[in-house]
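*Asks:* I need the structure of the sequence given here:
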Amino acid sequence: MAAAEFRAVFQAHGTPFLALRETPRFLDGHAEVFIDEVSPLLQRLGLTHVAAMHLFDGVPGSWTEGARDCCFPTGIPFAVRSVRIDVDAPWPGPEMEREVGAVLAPGRKVDLKHPKILARAFLLSDRVYVGQQLWESDPKALQERHVDNRPFSSPVSLEPRLARALVNLAVVRPGQSVLDPFCGTGGVLIEAAHMGLDAWGSDLDPAMVAGARENLSHFGLQGDVVVADVADATAELGVEEVDAIVSDLPYGRSSSSGKESLRPLYRRAFETAARVLRPGGYAVMGLPDGESARDVPSGVEVTDVFLVRSHKSLTRHFVRLRKRSA
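*Replies:* Reported below is the predicted structural model:
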């Protein structure tokens, strides 16, 4: 899911990301984007921990001559930090930091305590990738929006990192709209609004709607939230079309399902997506199993299914749907 989120952020920017190597914890690739445009994109990410601009890669002890001539800035104090990607990577982190530092040192000043820029050495089982760090996730910022730090919460609320990733998977850019028709306490809406998106939500439970509004206000964010059934959400919001739908559908919460059987409810949610999404728009929906995704109507197609383990007895299936273009 993290790799798909990364690609989706660049796709929303109109810049395809070409993957050159992908493992469960590492993604290396190419995108043609100006360096000053990268930071806003990376700051959107929820599941990525570190992003760096590729400098060189190879087998330690056998670096090419080009490694010394890479585009790493000169005259600015730097340090090297290693990241162990594969547990069986045969190179010790401190040793790699010293070796990469020696490769980069000519014409550059090493400052281990107060570096102005960082080089990251990503240790894989067969080679080491070295890049200039562009961005690193801020756990404290995410923690501030954690469920426990909201004035209104529910035990089934999405964690900020996951909610953020789901919004990104919907391939939306600032200024576009995201609808969560089962918004609950507003976890998806908080992340969408935080990213500069128009956050629209609805829920059958008036208490949840009031709580979602309170949570948005608590973080100084704007969003429109109404009491409505999934089929009536856009009408109650006064809109006809949305750019994306992102929602963790109910799986036993009577307040959110109105005691309606879940399978028909999911089917109506898919039908709503087919009706109100703009052509080519995406919906990302959380389901309790993959079987439920078989009910999608002809107007939308399943492009991806991501499995996220919630706890020992529950694995959520997050399905990404795309409305077919006219």
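*Asks:* quick check: longest helix of the protein.
*Replies:* Longest helix of the chain, by residue count under DSSP state H: helix 262-276.
*Asks:* what residues sit buried inside the next helix or strand after it?
*Replies:* Next helix or strand after helix 262-276 toward the C-terminus (DSSP states H and E): strand 277-287. Using 16 or more other CB atoms under 10 Å as the test for burial, strand 277-287 gives 277, 278, 281, 282, 283, 284, 285, 286, 287. (Glycine included, C-beta is placed from N, CA and C.)
*Asks:* can you redo these as TSV with pLDDT and distance to residue 76?
*Replies:* Formatted as TSV, the buried residues of strand 277-287 follow (pLDDT from 0 to 100; distance: CB to CB, whole Å):
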residue	pLDDT	distance to residue 76
277	98	46
278	97	45
281	98	43
282	98	40
283	98	45
284	98	40
285	97	46
286	95	44
287	93	49
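*Asks:* adding distance to residue 181, write those residues out as a markdown table.
*Replies:* Below are these laid out as a markdown table (distance: CB to CB, whole Å):
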| residue | distance to residue 181 |
| --- | --- |
| 277 | 12 |
| 278 | 16 |
| 281 | 14 |
| 282 | 15 |
| 283 | 10 |
| 284 | 12 |
| 285 | 10 |
| 286 | 12 |
| 287 | 14 |
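*Asks:* now for these: which two are most distant?
*Replies:* The distance between the two most remote of those (CB to CB) is 22.7 Å, for 278 and 287.
*Asks:* tell me the one of the buried residues of strand 277-287 nearest residue 3?
*Replies:* residue 284 (15.3 Å).
*Asks:* which residues does that closest one contact?
*Replies:* Contact analysis of residue 284 by CB atoms under 8 Å, 6 or more residues apart in numbering lists 166, 167, 169, 170, 244, 245, 246, 247, 318, 319, 320, 321.
*Asks:* please repeat the previous calculation with a cut-off of 10 Å.
*Replies:* Contact analysis of residue 284 by CB atoms under 10 Å, 6 or more residues apart in numbering lists 8, 165-171, 178, 188, 244-248, 273, 303-304, 306, 318-321.
*Asks:* and for residue 292?
*Replies:* When contacts are counted by CB under 10 Å, 6+ apart, residue 292 touches 249, 251, 262, 263, 265, 266, 267, 269, 270, 285, 317, 319.
*Asks:* helix, strand, or coil at it?
*Replies:* helix (DSSP: H, G, I helix; E, B strand; the rest coil).
*Asks:* and the longest helix of the chain, what does it pack onto?
*Replies:* Counting contacts by 3 or more CB pairs under 10 Å, 6 or more residues apart in numbering; DSSP states H and E, helix 262-276 is packed against strand 177-180, helix 233-237, strand 242-248, helix 254-257, strand 277-287, strand 300-311, strand 314-323.
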